[in-house]
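K.L.:
with the input below, show me the fold.
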Amino acid sequence: MATVSLAEPKEITVRGIVLGVIITLIFTAAQVYLGLKVGLTFATSIPAAVISMALLSAFKSATIQENNIVQTIASAAGTLASVIFVLPGLLMIGWWAHVPFWPTFGCCAIGGVLGVMYTMPLRRALVSQSDLPYPEGVAAAEVLKVGMSSRSGAAEGKAGLWAVIWGSLASSLFAAFAAAKLMAGEVAIYFRTGSGATGIGASSSLALIGAGHLMGITVGIAMLAGLVIAWGVLVPWMTSGIPVADTVSAADQALGVWSRQVRMIGAGVIGAAALITLASLAKPVIGGLRSAMAASRHSSATDGALPRSERDLPIFLVGLVTLISMVPAGWLLSEFLQGGPLASLSVPLVAVGVGYILIAGMFAAAVCGYMAGLIGSSNSPVSGIAILTILGASLSVGMVGRHLIGPDVAQALVAFALFVTTVVLAVAVIGNDNLQDLKTGQLVDATPWKQQVGLIIGVFAGSAVVPPVLELLNRANGFAGAPNIGAISSTPLAAPQATLISTLAKGVIGGDLPWYLLGYGAAIGVALVLVDYLLKKSSAGKYSLPPLGVGLAIYLPSAVTLPVVVGAVGGYLFERAVSSHSWGEAAKRMGVLVMSGFIVGESLFNVALAGLIVSSGKGEPLAIANGLSEHQGMLVALVLGAALLGSLYRWSARNARRVEI
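P.N.:
Numbers count the residues shown, from 1 in each chain. Predicted coordinates:
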């Protein structure tokens with residue numbers, strides 16, 4: 001139970017809100033780019049908390065609760081950006097040529113607000129009266145406590161801010177070298193294997209190295225296993241059975257088979273692993289929800305004066321906001337259908353859409369909220385929720401419009417299903433985030449309703465950033481599989497998660513999914529779940545092989561996956577090297593902040609580069625003519641990347657040692 005505080009500490013302040021919103025705007029832009037490039041996002045709570053403590057330390061009246069509100073507002077950036085796992089699908093199927101601001105803002109904001117409302121009644125049962133570990137919520141609380149509790153903690157906070165800054169500058173420099181063609185953008189090798197071909201590639205990206213460090217060695221090993229399965233087994237085997245002309249290069253042969261066949265097998269692995277993971281959580285989720293309802297009834301029955309640390313938003317207000325939110329949701333869905341081939345079915349389709357958002361959103365928020373407590377918000381299988389949601393939405397929408405015929409009907413049905421899924425996904429990821437934040441708040445004696453208000457502020461701030469950044473990247477680069485009419489650069493962003501979700505929607509409604517490839521993947525996924533179970537059981541939970549991580553490595557390009565593996569291994573070796581020292585924990589925290597800087601710096605540089613591409617009309621506005629060969633460019637990338645990574649790891653250890661002295 002949280003400690004009851006008699007005093008009313010300073011929590012929601014103008015300076016805290018302004019700082020939280022600024023961090024949210026910056027981190028959301030970075031997250032949108034990262035998610036579109038590699039299909040991954042990262043948690044923003046800890047770097048936001050460190051930045052907040054370093055900046056607010058200039059005010060003697062700053063409190064730990066005020067810093068907690070800042071990280072709560074900013075945490076929305078790490079989760080709400082997940083809507084780009086679905087939204088680009090509307091561009092890929094040709095429904096949108098450009099990203100409209102208000103429909104995109106609306107589906108993000110409405111979904112985010114509902115995510116807070118749906119999970120608020122679960123707080124007592126799943127947070128304050130629960131023994132769920134909430135790994136990321138506890139970690140954020142520890143960072144806040146260390147940073148605010150002592151002089152050395154304040155020094156660590158300032159050093160942490162510099163860690164984010166140096167990491168951001170290093171990754172921006174590295175990305176600038178690649179954009180200027182002073183080094184290779186990818187280090188790769190492809191070769192023949194008899195009549196087949198295979199190879200491996202790695203993007204020159206410190207952001208991906210940072211993502212690997214943050215994910216940890218367990219996920220890194222799982223992704224390494226996925227690389228071996230994809231490029232060591234499936235690609236050479238499947239290419240050997242397809243005759244190609246002598247003029248086709250090993251790279252084209254291997255990448256062609258991977259993109260057409262192996263990737264769909266990876267989608268099957270992800271689907272099966274995600275669904276089995278969700279099914280395995282059914283019992284604890286149902287138990288947790290029952291406990292939540294019992295706690296809610298008990299609270300209503302006692303109806304006493306609650307201590308500050310137990311005060312939520314009034315339940316009548318939660319219900320009222322939920323019902324009122326259905327009005328703009330219905331209007332958005334109705335406007336989405338106007339003038340299209342489904343206009344005659346607006347009333348039943350809007351009714352189905354609103355009902356789906358109301359019911360499926362409630363389920364998704366509860367499940368994701370519980371999983372945040374069980375395994376952490378970053379490890380939560382949101383892909384599984386997105387897959388279930390798009391399948392359910394496609395079936396529901398398809399049943400309403402099945403009697404209509406015409407060349408544009410299927411496209412319109414897919415588009416509507418994707419739009420509804422975007423709202424539900426926003427509900428799910430913010431519900432995931434809300435309970436994680438509330439756990440942090442419980443540990444630092446925060447007021448729950450103030451955190452809930454703070455997260456809603458973060459939702460609106462993040463919702464305002466997603467559409468313009470998405471449209472900027474659409475105009476500059478476009479997305480793989482989309483018409484990309486008017487895109488300036490010839491290198492579209494992969495948007496892998498959106499590709500998967502839109503492919504499933506088209507397959508369900510159009511009936512043309514390659515089910516046999518998905519079936520092979522599902523079989524591999526089931527086998528991986530069994531391996532993971534046996535590994536956990538034989539090692540008493542010490543070791544595991546997350547099947548979702550394996551599936552992602554099969555589905556994502558090796559250029560994305562290999563740097564993540566390198567980052568995970570590098571992070572493991574760094575943390576092992578410093579763990580025996582008294583300043584080891586501080587060094588680990590510093591390393592996390594440097595890696596967060598890697599992600600933010602490179603992502604923001606590329607968003608700025610997209611702006612330069614659009615304003616200049618040139619696909620490669622920073623390119624400098626030079627005499628570097630392909631192999632020399634790869635060597636420069638390897639040497640510079642290793643030098644920056646090693647230097648900043650040493651910097652982290654050195655500054656942690658200084659802080660502890």
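
K.L.:
now the stretch 51-200 of the chain, which segments are flagged as low pLDDT?
P.N.:
78, 129-130, 147, 149-154 (pLDDT under 70).

K.L.:
ranges for the helices of it?
P.N.:
In the stretch 51-200 of the chain, the helices defined using DSSP state H, counting those that start in this stretch lie at 64-80, 89-92, 101-119, 123, 135-149, 151-179.

K.L.:
which of those sits closest to P546?
P.N.:
Comparing those by their distance to P546 (C-beta to C-beta), the top pick is helix 135-149, with 14.3 Å. C-beta here means a position set from N, CA and C on the backbone, and glycine is covered the same way.

K.L.:
pull the residues that contact that closest one.
P.N.:
The contact list for helix 135-149 (C-beta atoms under 8 Å, 6 or more residues apart in numbering) reads 43, 45-46, 49-50, 53, 63-64, 67-68, 71, 153-154, 156-157, 160, 372-373, 375-378, 435-440, 443-444, 589.

K.L.:
flag every buried residue along that helix.
P.N.:
135-144, 146-148 (16 or more other C-beta atoms under 10 Å).

K.L.:
now swap in stretch 164-173 and tell me
P.N.:
V164, I165, W166, G167, S168, A170, S171, S172.

K.L.:
in a markdown table, list the helices of the stretch 51-200 of the chain along with distance to A417.
P.N.:
Formatted as a markdown table, the helices of the stretch 51-200 of the chain follow (distance: least, C-beta to C-beta, whole Å):
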| stretch | distance to A417 |
| --- | --- |
| helix 64-80 | 21 |
| helix 89-92 | 9 |
| helix 101-119 | 13 |
| helix 123 | 32 |
| helix 135-149 | 31 |
| helix 151-179 | 36 |
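
K.L.:
so V423 sits right up against A329, yeah?
P.N.:
Yes - between V423 and A329 there is a contact under C-beta atoms under 8 Å: 6.6 Å.

K.L.:
for those two, indicate the residue with more neighbours.
P.N.:
Neighbours were counted for V423 and for A329 using other C-beta atoms under 10 Å; V423 has more, 31 against 23.

K.L.:
could you point out which element follows the strand or helix carrying the more buried one?
P.N.:
Assigned by DSSP states H and E, V423 falls within helix 409-443. Counting by DSSP H and E, the next helix or strand C-terminal to helix 409-443 is helix 448-476.

K.L.:
re the thing from before, looking at the helices of the stretch 51-200 of the chain, which is nearest to I599?
P.N.:
helix 151-179 (7.4 Å).

K.L.:
quick one, phi/psi of V444?
P.N.:
phi -110, psi 20 (degrees, to the nearest 10).

K.L.:
contact partners for it?
P.N.:
V444 neighbours (C-beta under 8 Å, 6+ apart): I64, Q65, N68, A141, L144, K145.

K.L.:
now with 6 Å, please.
P.N.:
Applying C-beta atoms under 6 Å, 6 or more residues apart in numbering, we find V444 in contact with I64, N68, A141, L144.

K.L.:
for the stretch 201-350 of the chain, give me the ranges with low pLDDT.
P.N.:
278, 281-306.

K.L.:
in it, which spans are helices?
P.N.:
206-215, 217-227, 235-240, 250-257, 263-280, 282-302, 315-337, 346-375.

K.L.:
and those, which is most packed in?
P.N.:
helix 206-215 (a mean of 28; mean count of other C-beta atoms under 10 Å).

K.L.:
now the angle from that one to helix 217-227?
P.N.:
Computed with axes from the mean of the first three to the mean of the last three C-alpha atoms, to 10 degrees, the direction of helix 206-215 lies at 120 degrees from that of helix 217-227.

K.L.:
which strands or helices does helix 206-215 pack on?
P.N.:
helix 151-179, helix 558-578, helix 584-616 (3 or more C-beta pairs under 6 Å, 6 or more residues apart in numbering; DSSP states H and E).

K.L.:
would you put the C-alpha positions of the second one in CSV?
P.N.:
It refers to helix 558-578. Extracted C-alpha coordinates of helix 558-578, given in CSV (Å, rounded to 0.1, in the frame of the first residue of the first chain):
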residue,chain,number,x,y,z
SER,A,558,18.3,-8.5,-41.6
ALA,A,559,19.5,-5.0,-42.0
VAL,A,560,17.2,-4.1,-39.1
THR,A,561,17.6,-7.2,-37.0
LEU,A,562,21.4,-7.6,-37.0
PRO,A,563,22.2,-4.2,-35.5
VAL,A,564,19.6,-4.9,-32.8
VAL,A,565,21.4,-8.2,-32.0
VAL,A,566,24.8,-6.4,-31.9
GLY,A,567,23.3,-3.8,-29.5
ALA,A,568,21.9,-6.5,-27.2
VAL,A,569,25.2,-8.4,-27.0
GLY,A,570,27.2,-5.1,-26.6
GLY,A,571,24.8,-4.0,-23.8
TYR,A,572,25.1,-7.4,-22.0
LEU,A,573,28.9,-7.3,-22.2
PHE,A,574,29.0,-3.7,-20.9
GLU,A,575,26.7,-4.4,-18.0
ARG,A,576,28.6,-7.5,-17.1
ALA,A,577,31.8,-5.6,-17.1
VAL,A,578,30.6,-2.9,-14.7
